[in-house]
Each structure stands twice: as C-alpha cells, then as structure tokens.
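Student: with the sequence up front, the predicted model follows.
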Amino acid sequence: MEPDPPAAPPATVQGRRTAAITDSDREHAAERLQQACGEGRLTLEEFGDRVAAVWAARDAGELEQATAGIVAPVVGTPASTKTLVTIIGEERRVGRWRLPRSLRVYSLVGDWVLDLRGALVDADAVADGVIEITHMSLVGDLRVIVPEGVEVDLSGGVLIGNRKLELAAVPRRHGTPRIKLRVFGLVTDVTVRSQA
C-alpha cells in the first residue's frame, strides 16, 4: 500500500497563509461591494467584476483582493437625475455618471446614447437589484451599452423601427442589478449591447 501524498500547502498571498472561506464570508464581502457601489465608489462595471471575483474566491486572500483598493467617493460626481430629455440633437451619458433606480428618457427628433459601464448606481438600485429605464421617442434612436454579464429585459415596442438586444453569451454576474428597459417609439431604433 502506497503512503498518502503530502497535503497541499495552504494558499498564500504575499507570503502569508490564507484561510478557507464560507458562503457567509462571500455574502458579507458582496454586501460591502454593494454599499461601495451605492455610495458611488464603484462603477457598475467595476462592481460586476469585483462581485464575480468574490463569488469565485477560494480563500481569504482571493476574497481580500476582490474587495481591496476601493476608492473614496469622487468629488464632483453629478447628482442623479430621473429624467433626461433631448430635442433635435444627440445626447450622451458616458464615463462616470450617476444612474438612478428609475430613469425616464425622452427624445423628440433626437438620439440618446447611454453607456452604463461607467455609471455610478444609486444605493436603492443596488439593494433592490433592479434598474428601470423607460424610453419614449418620436423620431429618435436609443443606444444602450451595458457591462458584460449584466442582464437586460427589453420590452415595449416601436412603430417603424428596430429593436436589437446583442448581449455577450456570458453567465449573469451574481449580485449585479438587472436592467429593465421599456421602449415606446415612432420611427425609432433601439440597440442594447454589452460591447461598444
């Protein structure tokens, strides 16, 4: 009979031993990330990346890495607004901008681009797990870009126009808010994708 193979050495991070973790540890770390996201210290994309790392963590070191280095709230970040309007033109929300739990977007002979990858999500949206966006348009288009792994429900309808949902074939990132997008348009194209 052969002797048992030697036990694998404990995992280490920068020369320190790391301990095993439980689902309760992961849940606590995910809650801290949700709080940081709600406080504007993480964008929606950063939150998605980190929460995925939390649920994939195998030891305390990996869990610590997933929650380390969260920045302080950024000064000058705009307050969230619940209504966006464009008339004859194109408007964009890209980079760091504040996304409320419920947003209404209106266009009259105008187009909107909403890039949610850099958006700072309000705390109630993170807690509820849902962000609702309603778009109403008369001759205008809507383009929405979401981080990979964020689920989008597209509903409503357009008359004389197209609706496209082009999300990457990746698993949903646990803990990220679901986007509920309702569109109502006349001569309107709507495109939702997870890549620019």
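Tutor: Sure, I can see it.
Student: check this structure and tell me which residue is nearest its centre.
Tutor: The structure's the chain has its C-alpha centroid closest to residue 44; by Cα atoms, centre = their mean the separation is 3.4 Å.
Student: any idea how far that one is from residue 131?
Tutor: Between residue 44 and residue 131 the distance is 9 Å, computed by Cβ to Cβ, to the nearest Å. Backbone N, C-alpha and C define where each C-beta goes, glycine included.
Student: quick one: common contacting residues for the two?
Tutor: Contact criterion Cβ atoms under 8 Å, 6 or more residues apart in numbering; residues shared by residue 44 and residue 131: 99, 121, 177.
Student: now do the contacts for the nearest residue to residue 193 once chain neighbours are set aside.
Tutor: Nearest residue to residue 193, sequence neighbours excluded (Cβ to Cβ, 6 or more residues apart in numbering): residue 166, at 4.1 Å. Residue 166 makes contact with 191, 192, 193, 194, 195 under the criterion Cβ under 8 Å, 6+ apart.
Student: list the buried residues for the stretch of helix or strand residue 62 belongs to?
Tutor: With the criterion set as DSSP states H and E, the secondary-structure element containing residue 62 is helix 60-67. Buried positions in helix 60-67, judged by neighbour count with 16 or more other Cβ atoms under 10 Å: 60, 61, 62, 63, 66, 67.
Student: cool, thanks, signing off.
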